[in-house]
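Participant: Here is the input, now give the coordinates:
(chains A and B)
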There are 2 protein chains.
Amino acid sequence: MTVDDELRALRQPGATGGQVRHLARRGAYGGFTHGLAPGYVQGNLAVLPADLANDFLRFCQLNPKPCPLIGMSPRPGDPTVPELAADLDIRTDIPAYRVWVNGELVDEPADLSDWWRDDLVAFVLGCSFSFEEALVDDGIEIRHISCGVNVPMYRTSIPCNPAGPFAGPMVVSMRPLRPADAIRAVQITSRFPSVHGAPVHLGFPQAIGITDVTRPDYGDPVPIGDDEMPVFWACGVTPQAVIAEMRPALSITHAPGAMLVTDVRNSTLAVL
Amino acid sequence: MTVDDELRALRQPGATGGQVRHLARRGAYGGFTHGLAPGYVQGNLAVLPADLANDFLRFCQLNPKPCPLIGMSPRPGDPTVPELAADLDIRTDIPAYRVWVNGELVDEPADLSDWWRDDLVAFVLGCSFSFEEALVDDGIEIRHISCGVNVPMYRTSIPCNPAGPFAGPMVVSMRPLRPADAIRAVQITSRFPSVHGAPVHLGFPQAIGITDVTRPDYGDPVPIGDDEMPVFWACGVTPQAVIAEMRPALSITHAPGAMLVTDVRNSTLAVL
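Facilitator: Residues are numbered from 1 along each chain as shown, chains lettered A, B, ... in the order given. Here you go, the predicted structure:
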């Protein structure tokens, strides 16, 4: 079975998060995880040294919409995250990583064997894939998926609540929706607070400091119809931007789009 | 104790729906009920002859957002509505009524002693007062309340689902809200499907056939700030407009603003 065959199988119902992790662990795949192991929660990774971990944990607690923490290392240096999967090694199970030293990107390894240390703490944050799946299941079109591009993301004028050295503006993702779908999307995503929850804004980009909605700060622009409004959700790029801004001696993230696929089902994240 | 004293007392926490009904039953009060017996469900009245009642019941069932039925006569001619209060006489317990013959307003009596018949069926429909109370409790400003006017209402291009002779457009009420409050209002009112539930539209009045939002078809205009969007909910005037349009031989409604106050608490209508 080729890796392409494996990937095709991983896009089918019944594929598991564990199968995706094992493929990454073997070093056989370094690409995007969107659409793999449908129904399973995918997460953003942020790894920090223990001396910053408590402040970052507090930052997540103070900013649950952009930084919804769904799992973390049980103790410094421990590469497991038991609440997300019994069989999970954070050093190998993500298809691609980015390593940052003093805020500079220095490496994009396939695993963390050269970088893991006994004082590192891994944080896994919920991701919009989970709520997008719920929207698509409800028949709502997600524009950047239709267009085959990355979701447009914007730095806003909404400040995060600071914690120690961690501070900065909230980054949001945008999906254009017709009003009735926007109302439905508020209802649906409100059920999923651990993957960004309800939108933070809709309708007036300028009101949250976005001067030109056609020019996102991250990701790709998407067309907005005359009968549509831009709907904005808090985005997991927020903690990455905040970490980049403070330039820690060492930090590690997943490579964009190459997420941690867990054993938790999206449906179990629904609070209602 | 004067009637003014009684009304003052009825605006205090602890006042009951039964006290309001008894005041109306005595013929001592013929005015608005907004703000009386805080926390208790108020309802719209529609009375029709039995030969139209089945079609109207089906119309309500097919159009639950504008016509959320919360109670009805157990049988034709029975003036009770046991599900709304044990001690309730629909002929006397509303402060003021309107009587329509062949679609013409012919009487505005304080009770229905001259009009009640053995073939009449009373329908009580949920009203926006209940969800407005939940919005106000959440700290959201309701513009028409701040302005001391009636809520602006509009005929839309959204057709109701017809049932027998009952057909026509949905009427909506409008409240201007800032985007974050609009999102919160979707969450809050979604909990209350039996009092119109979530908004049916927000943002683009023209998209639902409203050409000039400053000129409501019913009620009063209210100002909309530059940072606000109009948010539209299905409105209990819909069934009244539909009934008026078909001109039944006899129909009876409450006088505008003079609602039936029940023994049901608003909080118990929350489905979540």
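Participant: Compute the number of surrounding residues for the closest residue in space to residue A:132 that isn't next to it in sequence.
Facilitator: Among residues not flanking residue A:132 along the chain, residue A:142 sits closest, at 5.5 Å (C-beta to C-beta, 6 or more residues apart in numbering or on different chains). C-beta here means a position set from N, CA and C on the backbone, and glycine is covered the same way. Residue A:142 has 19 neighbours, counted by other C-beta atoms under 10 Å in any protein chain shown.
Participant: Please look at residue A:142 and residue A:135 and confirm they touch.
Facilitator: Yes - Residue A:142 lies in contact with residue A:135 (C-beta atoms under 8 Å); the separation is 6.1 Å.
Participant: Let me know the distance separating the one residue in the stretch 1-150 of chain A that gets nearest to chain B from residue A:213.
Facilitator: Per C-beta to the nearest C-beta, residue A:65 is where the stretch 1-150 of chain A lies closest to chain B, at 11.5 Å. Using C-beta to C-beta, to the nearest Å, residue A:65 is found at 20 Å from residue A:213.
Participant: what's the answer for residue A:100, then?
Facilitator: 29 Å.
Participant: Who has more neighbours out of these two?
Facilitator: residue A:100 (20 against 17).
Participant: Contacts only, for the closest residue to chain B within the stretch 151-272 of chain A.
Facilitator: Proximity of the stretch 151-272 of chain A to chain B (C-beta to the nearest C-beta) peaks at residue A:186, 4.2 Å away. The contact partners of residue A:186, taken as C-beta atoms under 8 Å, 6 or more residues apart in numbering or on different chains, are A:198, A:199, B:183, B:186, B:187.
Participant: secondary structure class for it?
Facilitator: Secondary structure, DSSP: H, G, I helix; E, B strand; the rest coil: residue A:186 is helix.
Participant: Leaving out chain neighbours, which residue sits closest to it?
Facilitator: Excluding its sequence neighbours, the residue lying closest to residue A:186 (C-beta to C-beta, 6+ apart) is residue B:186, at 4.2 Å.
Participant: shouldn't residue A:35 be in contact with residue A:11?
Facilitator: Yes - counting by C-beta under 8 Å, residue A:11 is a contact partner of residue A:35 at 5.3 Å.
Participant: Let me know whether residue A:153 touches residue A:220 as I believe.
Facilitator: No - using C-beta under 8 Å, residue A:153 is not in contact with residue A:220; the gap is 9.4 Å.
Participant: more crowded one of these two?
Facilitator: For residue A:153 and residue A:220, the more surrounded residue by other C-beta under 10 Å is residue A:153, and the numbers stand at 22 against 13.
Participant: Just after the host helix or strand of residue A:5, pick out the following helix or strand.
Facilitator: Assigned by DSSP states H and E, residue A:5 belongs to helix A:3-10. Following helix A:3-10 in sequence order, the next helix or strand is helix A:17-25 (DSSP H and E).
Participant: Give the next helix or strand downstream of that following helix.
Facilitator: Next along from helix A:17-25, by DSSP H and E: strand A:40-49.
Participant: Next, the angle helix A:17-25 makes with that next one.
Facilitator: 50 degrees (axes from the mean of the first three to the mean of the last three C-alpha atoms, to 10 degrees).
Participant: partners of strand A:40-49 in the sheet?
Facilitator: Sheet pairing for strand A:40-49, assigned by DSSP bridges, gives strand A:120-126 (antiparallel), strand A:251-254 (antiparallel), strand A:260-265 (antiparallel).
Participant: could these be laid out in a markdown table, adding mean pLDDT and mean neighbour count?
Facilitator: Conversion of the strands paired with strand A:40-49 to a markdown table gives the following (pLDDT from 0 to 100; neighbours: other C-beta atoms under 10 Å in any protein chain shown):
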| stretch | mean pLDDT | mean neighbour count |
| --- | --- | --- |
| strand A:120-126 | 98 | 25 |
| strand A:251-254 | 97 | 23 |
| strand A:260-265 | 98 | 23 |
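Participant: and those strands as TSV, adding distance to residue A:229?
Facilitator: Listed next are the strands paired with strand A:40-49 as TSV, based on distance: least, C-beta to C-beta, whole Å:
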stretch	distance to residue A:229
strand A:120-126	25
strand A:251-254	31
strand A:260-265	31
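Participant: Any idea how far apart the tips of stretch A:118-137 sit?
Facilitator: Using C-alpha to C-alpha, to the nearest Å, the end-to-end distance of stretch A:118-137 comes to 42 Å.
Participant: Stretch A:217-227 too?
Facilitator: Using C-alpha to C-alpha, first and last residues of stretch A:217-227 are 24 Å apart.
Participant: does residue A:152 really touch residue A:224, like I thought?
Facilitator: No - applying C-beta under 8 Å as the test, residue A:152 and residue A:224 come out as separate, 9.8 Å apart.
Participant: the more surrounded of these two?
Facilitator: residue A:152 (27 against 18).
Participant: which helices and strands sit right next to the helix or strand that contains residue A:241?
Facilitator: Using DSSP H and E, residue A:241 sits within helix A:237-246. Helices and strands touching helix A:237-246, by 3 or more C-beta pairs under 8 Å, 6 or more residues apart in numbering or on different chains; DSSP states H and E, are strand A:40-49, helix A:50-62, strand A:169-177, strand A:251-254.
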